[in-house]
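[1] What follows is a predicted structure for the sequence shown.
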Amino acid sequence: MKEYEVIIVGGGIHGAGVLQAAVAAGHSALLIEKRALASGTSSRSSKLIHGGLRYLESGQFSLVRESLRERAIHLRIAPELVELKSFFIPVYSDTRRRPWQLKVGLALYALLGGFSRGTGFGSIPKRDWSGLDGLETRNLDAVIRYYDAQTDDAALTRAVVESARSLGGEIAMPATFVGASLREEGVEVTFDQDGSRVSCRARVLVNAAGPWATQVARAVTPSIPVPAVDLVQGTHIVLPMHVTSGTRFVLLAFLFGEHLGTSPAALAAEVLGLLVLALGVRILSGSELVTGTPPPPATGPDAAAPAHSRQRG
Ligand SMILES: Cc1cc2nc3c(=O)[nH]c(=O)nc-3n(C[C@H](O)[C@H](O)[C@H](O)COP(=O)(O)OP(=O)(O)OC[C@H]3O[C@@H](n4cnc5c(N)ncnc54)[C@H](O)[C@@H]3O)c2cc1C
């Protein structure tokens, strides 16, 4: 029976990162992925490598500092995968947060980021507002620009796995984790690959199965405590057009969802927000709307599993 120091279940960005860290630290490691790298949540995120601006509001300063530090590292070591993008915050006369409050927050953000690249911000002069396509300028008091980073999440996951592979990391794919038995000296792991059942041993088993993490945890014997996981789903909308108005409708959908959490009311609010958005876009432009909801998991053992897990995203 083959032995490893670390076995990881799940080939999303977390499994990829753990594999890379394990082999970089000199451990032998195997990653088991049932479909394809980044076939789960890691190819369906909003694709931001963000500095955690919104965590400022909840006072999670160390998380913001950590996020900004990691964003700077990504920008430095993977410029072909991660790039800075401008983000615009419109402040209307009825917007709760005033421009000075946003600027104080962004100044703190820059400070926490050590004034590194991409932590600058500023106001867009009124004369340039008309150049911001899709911006409603009625009752607009200010537009503030800051920067965040964007990536191709699936390509990033594959790049991390490639790096791990170059350091000796092994990958079983497609291969489905079936179960694990905890023993004194480690763990015996079973998975199905190419129609055969394979067993191997490890000192450590890492459950990086994302939304399927509870299913993986339940397949461990003797049974271990399985924490409750709250699952969420997001909807990305791709508009095959230039938005000429209606950007506030987009915000509406996300704000409702965020305030209401994951309750049925939140789902209803999201659907309502999307309907309003669809209606707004159709009325204003007459264009078709393309929704980018992730496809449901495939049939078979995945059928009951949701597409997304609650993450800090
Ligand atoms: C709507 C939304 C938007 C987001 N936007 C952002 C963002 O902009 N920026 C950001 O940083 N984060 C974002 N996130 C969070 C981010 O997407 C997740 O944190 C991340 O993708 C989770 O990766 P993971 O590796 O934990 O899970 P996953 O990517 O889901 O990987 C789990 C893997 O486990 C495999 N698996 C499951 N069961 C088994 C089994 N039995 N055997 C073998 N393999 C198995 C699956 O096939 C899958 O590939 C967002 C999340 C959501 C929901």
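    Structure's in. What do you need? Numbering: from 1, shown residues only.
[2] from the stretch 1-150 of the chain, which residue is nearest to the ligand?
    Gly12 (2.2 Å; Cβ to the nearest ligand atom). The way it works is simple: take the backbone N, C-alpha and C, and place the C-beta from them, glycine included.
[3] what residue ranges in the protein score low on pLDDT?
    Applying pLDDT under 70 to the chain picks out residues 241-313.
[4] Enumerate the residues of it near the ligand.
    9-15, 32-35, 39-42, 45-48, 176-177, 208-212, 216, 232, 234, 308, 311, 313 (Cβ under 6 Å from any ligand atom).
[5] Go through those residues and flag which are in strands.
    Among those, the members found in strands (DSSP state E) are 9, 32, 48, 176-177.
[6] The residues you listed: which two are farthest apart?
    Using Cβ to Cβ, the pair of these lying farthest apart is Leu48 and Thr176, separated by 30.5 Å.
[7] The stretch 151-300 of the chain: helices as residue ranges?
    153-166, 213-218, 247-260, 264-285 (DSSP state H, counting those that start in this stretch).
[8] Going by contacts, tell me the helices and strands next to the first one.
    I take that to be helix 153-166. With contacts defined as 3 or more Cβ pairs under 8 Å, 6 or more residues apart in numbering; DSSP states H and E, the secondary structure elements packing on helix 153-166 are helix 13-24, strand 29-32.
[9] what ranges do the strands span in the stretch 101-250 of the chain?
    Counting by DSSP state E, counting those that start in this stretch, the stretch 101-250 of the chain has these strands, from start to end: 122-123, 140-151, 170-172, 176-183, 186-193, 196-207, 220-221, 237-238.
[10] Show the buried residues in the residues of the chain next to the ligand.
    Burial by neighbour count, 16 or more other Cβ atoms under 10 Å: within these this picks out 9-15, 32-34, 39-42, 45, 47-48, 176-177, 208-212, 216, 232, 234, 308.
[11] Can you get me a residue count around Val104?
    13 (other Cβ atoms under 10 Å).
[12] Name whatever forms a beta bridge with the residue in the stretch 51-200 of the chain that the ligand sits nearest to.
    Proximity of the stretch 51-200 of the chain to the ligand (Cβ to the nearest ligand atom) peaks at Phe177, 3.5 Å away. Counting by DSSP bridges, Phe177 forms beta bridges with Phe191.
[13] is it true that it touches Val189?
    Yes - between Phe177 and Val189 there is a contact at 7.1 Å, judged by Cβ atoms under 8 Å.
[14] Now do the shared contacts for these two.
    Common contacts of Phe177 and Val189 (Cβ atoms under 8 Å, 6 or more residues apart in numbering): Ile32.
[15] Excluding chain neighbours, what is closest to the residue nearest in space to the middle of the chain?
    With distances taken as Cα atoms, centre = their mean, the residue of the chain nearest its centroid is Ser45 (4.2 Å). Nearest residue to Ser45 in three dimensions, chain neighbours excluded: Asp153, at 4.9 Å (Cβ to Cβ, 6 or more residues apart in numbering).
[16] The one you found: neighbour count?
    Neighbour count of Asp153, defined by other Cβ under 10 Å: 21.
[17] I'd like the domain boundaries of this structure, if you could list them.
    Domain ranges of the chain: 2-44+154-221, 48-151, 237-291, per automatic domain parsing.
[18] Of the ones you listed, flag the one that's most buried.
    Compared across these, domain 2-44+154-221 shows the largest average neighbour count, a mean of 19 (mean count of other Cβ atoms under 10 Å).
[19] Might you calculate how far that one sits from the centre of the chain?
    19 Å (Cα atoms, centre = their mean, to the nearest Å).
[20] Kindly check the end-to-end length of that domain for me.
    Using Cα to Cα, to the nearest Å, the end-to-end distance of domain 2-44+154-221 comes to 20 Å.
[21] Same check on stretch 87-96?
    With Cα to Cα, one end of stretch 87-96 sits 19 Å from the other.
[22] Ser62 sits in which helix or strand?
    Under the criterion of DSSP states H and E, Ser62 resides in helix 61-77.
[23] State the helix or strand in which Gly51 lies.
    Going by DSSP H and E, Gly51 is not in any helix or strand.
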